[in-house]
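Student: sequence below, structure please.
(one chain, ligands or ions: 1)
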Amino acid sequence: MKNKLVIIGSGPAGLTASIYAARGNLNPLVIAGREAGGQLMLTTDVDDFPGFPEGIQGPDLMDKMRKQAERFGTRFVSEDVLSVDLKSKPFVIKTETSDLSADALILATGASAMWLGLESEKKLIGKGISSCAVCDGFFFKGKNIIVVGGGDTAMREAQYLSKLASKVTVVHRRDSLRAQPALVELVKSKPNVEFLFNTTIEEFLGQEKLIGVRLKNTQDESSSEMDIDGVFVAIGHIPNTKFLKGQIDLDEKGYLVVHDETKTSVPGVFSAGDVSDYHYRQAVTAAGAGCKASFDAEEYLENLQTKKVV
Ligand code: NAP
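Tutor: Below you'll find the predicted structure:
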């Protein structure tokens, strides 16, 4: 099926791009993915998205954005993209069930949570180890849990989990946190949250279910064991660009390389949101980037029609 504009990704970047593109008569198709909505689907209180003075729940915000996109005629496909061919014109996008074509493409696939990478972690993900407090916190009501990391995500997870767990220990590899001071203060004010600095997890313990961790003190190299019911890993994200390898320029961490805000190394392919932004990573900056990508795609398509594109 031939499309003027295909948008891959349905977080704030992809949906904002689709709202602008639909209003600009580009009849966009959004390939939303099996887990539509992106990271905000895993976020509770969003207090910093303008226009919601009382705050809004992440999934509610995404639902509103999607309805807004649908109102202007955006079409959606709830599948994952398997591969793309950016060398052909029009571009070809292979999903689980079909081959789609597009004159222009916006990549807004975001980034996913990172793991520590231990074998024992792999074995116990979903059996006591998680990367999403909102999704799995409920299972740890009244339990003793760890949050790993020292950034904003770790503080958010600790804050959320402090309302459910009996005790939360934040395990961080250094002696200072990189999270915003306001978030740190909020978490430190919780009576059931403790911080364990200069500490890493060396091993997750348990066979069928997590029962504890072996910790390492990074200063004196000593090891100790701690009984624990759950561990939430909150150490950052990795861009969702695997399906793009060899087709387009990626940096050493896999983020899309962009110039002039949204332009990638392939003319006609634009980027929006966390897939190329490892710095701001906010819903509002992703939404803003989606708007810019849509304008740039529109200009590209106009030039394509009048054969100005070389
Ligand atoms: P981040 O800022 O990159 O922090 C990752 C944390 O995990 C760091 O403290 C890092 O330690 C630690 N870490 C990384 N790899 C590790 C490993 N292998 N073992 C142990 N610890 C490891 O990531 P983030 O917290 O996900 O935040 C990403 C961006 O999203 C930031 O710009 C943040 O401001 C934003 N964000 C904002 C909010 C909000 O509420 N406004 C919420 C979530 C995220 P080091 O400090 O030693 O490097």
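Student: please state the offset of stretch 119-127 from the chain centre?
Tutor: Offset of stretch 119-127 from its chain centre (Cα atoms, centre = their mean, to the nearest Å): 21 Å.
Student: now swap in stretch 185-205 and tell me
Tutor: In terms of Cα atoms, centre = their mean, the centre of stretch 185-205 is found 23 Å from the chain centre.
Student: which other residues reach it?
Tutor: 116, 118, 120-121, 123-124, 128-129, 146, 148, 155, 158-159, 162, 165-176, 210-219, 223, 225, 231 (Cβ atoms under 8 Å, 6 or more residues apart in numbering). The C-beta positions use only the backbone N, C-alpha and C, and glycine is treated the same way.
Student: contacts only, for the closest residue to the ligand within the chain.
Tutor: Among all residues of the chain, Gly151 sits closest to the ligand, at 2.4 Å; criterion: Cβ to the nearest ligand atom. Gly151 makes contacts with 177-179, 234-236, as judged by Cβ under 8 Å, 6+ apart.
Student: closest to Leu15 out of these?
Tutor: Taking Cβ to Cβ as the measure, Leu15 lies nearest Gly236 of those, at 23.6 Å.
Student: still on that earlier bit, would you show me how to pick out the buried ones of the contacts of stretch 185-205 in ChimeraX?
Tutor: Of these, the buried ones can be selected in ChimeraX as follows, counting by 16 or more other Cβ atoms under 10 Å:
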select :116,120,121,124,128,129,146,148,155,158,159,162,165,167,168,169,170,171,172,210,212,213,215,216,231
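Student: just the contacts of stretch 185-205 that are near the ligand?
Tutor: Restricting the contacts of stretch 185-205 to those touching the ligand (Cβ under 6 Å from any ligand atom) yields 116, 148, 173-174.
Student: from the contacts of Gly151, which land in helices?
Tutor: Using DSSP state H, the subset of these located in helices is empty.
Student: select from those residues the one having the most neighbours.
Tutor: Most neighbours among these, by other Cβ atoms under 10 Å: Ala234, with 25 neighbours.
Student: out of the contacts of Gly151, which one has the lowest pLDDT?
Tutor: Among the contacts of Gly151, Gly236 carries the lowest pLDDT, at 88.
Student: how close does the closest residue to that one other than its chain neighbours sit to Lys253?
Tutor: Leaving out its chain neighbours, the residue that sits closest to Gly236 by Cβ to Cβ, 6 or more residues apart in numbering is Met114, at 4.9 Å. Between Met114 and Lys253 the distance is 11 Å, computed by Cβ to Cβ, to the nearest Å.
Student: overlap in contacts of those two?
Tutor: Common neighbours of Met114 and Lys253, using Cβ under 8 Å, 6+ apart, are Ile238.
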